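*Asks:* coordinates for the following, if possible.
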Amino acid sequence: MTPSSPRGASSPSALWALMTGNFVIGTGVMAVPGTLNDISRSLDVSIPQAGLLITAGALVMGLGAPLLATLVAGWDRRRLLTLTLLWYALFLGLSAFAPDYAWLLPLRVLAVIAPAVFTPQAAACIGLLVPEAQRGRAIAFVFLGWSVASVLGMPLSAWIGGMFGWRWAFGLVAVLALVVAAWVWRAMPDQVRPAALSREAWGQTLGDAPLTLALGVTLLSAFGQFTLFSYFAPYLQQTHGADPVLLSVIFFWFGAFGLIGNIALTRWVDRLGTPRAVLIALSLMALSLALWPLGRAGLVPQALVMVPWALGCFSCNSAQQARLVQLSPVLAPASVALNTSAMYAGQGLGAALGGALIAQGHLLQLHWVGLALMLLAIGVSQRAAQAQKRS
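*Replies:* From the prediction side, this is the model:
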């Protein structure tokens, strides 16, 4: 199947709708880390058990992204992305009314099928919405939604969860998903249909050394980050006595610099080149993890130590997406789906490993594991850059 050309609404309007859709998707994904303390307390489960909501959801997203990419290959993206947001609204709304943990876990798993579809499919259709020379910037812009979610969505979820309960936080995201579904339906052109993913496309993607190594970078960086990031709420509560208000302020601080980092990337990624942009982002995150123990001295040192991590966090993923598209525009639907899979799989592995370490009393040592994985990601990224030059 060859890709169809879009008709209808203007591309800039569609990009704004897709960016806002990613904001809602990101807010829903990060609502669990932001409200982890309240979920644990209100449902009478341990922090590691509550963390399984992150692990299970991330693994479903990771496995679902490539499988669902094949299933929905022939769908018109206007209808697909709208229905995906409606699905998200439905199951997040049902999750808000879950009577206990046994109900919440499967409802959460069903809800996060939506991120497995929306994020990679939004990125994959950008090539049909903007000229080739603007693709890197357009992809970074659409993924800006995740950074905005970290600035507004996660702190707001943490505050609402602490003040009114996690159910209200989930319900708010469900309402936002309904609103943005209507926007996507109105803004997206008709007949946006990226080329269907054949078995040959998957085989070519997995057999391409630069692409495979780049996907490994995403997996390792997400693994390293989420070993600690998943448990920011209990960590900050234990080390600094963070209440819901302080926790939301810290999340806002982290998210604000995440947004700054992604905006900077959007402006400079085409000049720097994607391999160099990824290296800078990974190095910033590794720096924070190396300096992490200094944050225990007080809230000001903690906030300062977080800044490099925040600058690199979301900009790294945006640069990775642009890197994959530039490596092979033809294989972008497969590589972007696999990149999303790698990102979510890394989140699930990190949350699982972090939970296991917390259960053994090692909450204060999570950053060392994250640092080791981040350094490994830097090494793999350099190998990917070398392989790209040879290919």
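
*Asks:* what residue ranges in the stretch 1-150 of the chain score low on pLDDT?
*Replies:* Residues of the stretch 1-150 of the chain meeting the criterion pLDDT under 70: 1-11, 127, 130-136.

*Asks:* helices along that one, start to end?
*Replies:* With DSSP state H, counting those that start in this stretch as the criterion, the stretch 1-150 of the chain has helices at 11-34, 36-42, 47-71, 77-96, 101-111, 113-124, 135-142, 144-148.

*Asks:* nearest to residue 229, out of those?
*Replies:* Among the helices of the stretch 1-150 of the chain, helix 11-34 comes nearest to residue 229, with 6.8 Å by Cβ to Cβ. C-beta coordinates here come from the backbone N, C-alpha and C atoms, glycine included.

*Asks:* what helices or strands is the closest one leaning on?
*Replies:* The contact analysis (3 or more Cβ pairs under 8 Å, 6 or more residues apart in numbering; DSSP states H and E) places helix 11-34 against helix 47-71, helix 77-96, helix 113-124, helix 135-142, helix 144-148, helix 154-163, helix 166-187, helix 232-240.

*Asks:* quick one: the third one to helix 135-142, angle?
*Replies:* Per axes from the mean of the first three to the mean of the last three Cα atoms, to 10 degrees, the angle that helix 113-124 makes with helix 135-142 is 150 degrees.

*Asks:* with distance to residue 337 added, can I get the helices of the stretch 1-150 of the chain in CSV?
*Replies:* Converted to CSV, these look like this (distance: least, Cβ to Cβ, whole Å):
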stretch, distance to residue 337
helix 11-34, 15
helix 36-42, 28
helix 47-71, 4
helix 77-96, 13
helix 101-111, 19
helix 113-124, 4
helix 135-142, 14
helix 144-148, 17
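
*Asks:* among these, which comes closest to residue 173?
*Replies:* Nearest of the helices of the stretch 1-150 of the chain (Cβ to Cβ): helix 11-34, 4.4 Å.

*Asks:* buried residues, that closest one. List them.
*Replies:* 11, 14-34 (16 or more other Cβ atoms under 10 Å).

*Asks:* one step back: how about the helices and strands packed on helix 11-34, which one is nearest residue 291?
*Replies:* Across the helices and strands packed on helix 11-34, residue 291 has its closest neighbour in helix 232-240 (14.6 Å, Cβ to Cβ).

*Asks:* hang on, residue 109 packs against residue 56?
*Replies:* Yes - using Cβ atoms under 8 Å, residue 109 is in contact with residue 56, at 5.5 Å.

*Asks:* my guess is residue 353 contacts residue 368. True?
*Replies:* No - between residue 353 and residue 368 there is no contact under Cβ under 8 Å: 12.0 Å.

*Asks:* tell me which of the helices of the stretch 1-150 of the chain lies nearest to residue 246.
*Replies:* Of all those, helix 36-42 comes closest under Cβ to Cβ, at 12.0 Å.

*Asks:* and that closest one, how far out from the chain's middle?
*Replies:* Chain-centre distance of helix 36-42: 22 Å, with Cα atoms, centre = their mean, to the nearest Å.

*Asks:* what does it rub up against?
*Replies:* Residues outside helix 36-42 that contact it (Cβ atoms under 8 Å, 6 or more residues apart in numbering): 32, 45-47, 49-51, 53, 104, 161-162, 165-166, 230-231, 233-234, 237, 244, 247.

*Asks:* how about it: buried residues?
*Replies:* 36, 37, 38, 39, 40, 42.

*Asks:* for the fifth one, give its distance to residue 161.
*Replies:* Spatial separation of residue 40 from residue 161 under the definition Cβ to Cβ, to the nearest Å is 11 Å.

*Asks:* run through who's touching stretch 364-377.
*Replies:* Contacting residues not belonging to stretch 364-377 are listed as 216-217, 220-221, 223-225, 227-228, 231, 235, 238-239, 282, 285-286, 289-290, 292-293, 296, 350, 353-354, 357-358 [Cβ under 8 Å, 6+ apart].

*Asks:* contacts for stretch 342-352, please.
*Replies:* With contact meaning Cβ under 8 Å, 6+ apart, stretch 342-352 is reached by 51-52, 54-63, 65, 115-116, 215-216, 218-230, 317, 370.

*Asks:* swap in stretch 284-299?
*Replies:* By Cβ under 8 Å, 6+ apart, the list of residues contacting stretch 284-299 reads 221, 224-225, 228, 239-240, 246, 250, 261, 301-313, 316, 364, 367-368, 370-371, 374-375, 378.

*Asks:* ends of stretch 236-249, how far apart?
*Replies:* 12 Å (Cα to Cα, to the nearest Å).

*Asks:* thinking again about what came up before, and the contacts of stretch 364-377, which of them are buried?
*Replies:* Applying 16+ other Cβ under 10 Å to the contacts of stretch 364-377 flags 216-217, 220-221, 223-225, 227-228, 231, 235, 282, 285-286, 289-290, 292, 350, 353-354, 357-358 as buried.
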